[in-house]
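**Q** Only the shape, not the letters, is given here:
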């Protein structure tokens, strides 16, 4: 099995597969050298929730078809929430991050020793997580 080095947060995954022009070229270049990228299963829920929001669908495709396109089986490995990840989610402390999904994603990166690809300033500035910024300034 090939080594996996990077975990995409929900926003990074969405932008990588739907709006790559919103990611720094240096980050795109680095991620293209990776054979497999990781994704937390909570990201599927977050994207489905955002797609069903009152603002209207995010995609021109139905969500199930977008998932098929954005989850190439040879390129994305989905990490499910395990008891270890669930425990780590709230072992990070009360001041870590208020968003439960972001806590799960961060815990997944920590447990699997992955670099988290994100634009979230709270995650980028946290010393508990190895991160890679999706934006040019990070």
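**A** Cool, got the structure. What you see is a predicted model; the values in this text were computed from it and never measured.
**Q** C-alpha only now, for contacts and for neighbours.
**A** Noted.
**Q** what about the residue in the chain sticking out farthest from the centre, helix or strand, and which?
**A** Counting by CA atoms, centre = their mean, the extreme residue of the chain relative to its mean C-alpha position is residue 54, 23.1 Å from that point. Element membership for residue 54, per DSSP states H and E: none, as it lies in no helix or strand.
**Q** And for residue 38?
**A** Short version, using DSSP H and E: residue 38 is in strand 37-40.
**Q** in its sheet, what does that strand sit against?
**A** As defined by DSSP bridges, the strand partners of strand 37-40 come to strand 6-8 (parallel), strand 76-79 (parallel).
**Q** for these, which one sits closest to residue 68?
**A** Of all the strands paired with strand 37-40, it is strand 76-79 that lies closest to residue 68, at 11.0 Å by CA to CA.
**Q** what distance separates the helix or strand just after that closest one from the centre of its chain?
**A** Tracing the chain C-terminally past strand 76-79 and defining elements by DSSP H and E, one meets helix 83-91 next. For helix 83-91, the distance from its own C-alpha centre to the chain's C-alpha centre is 17 Å (CA atoms, centre = their mean, to the nearest Å).
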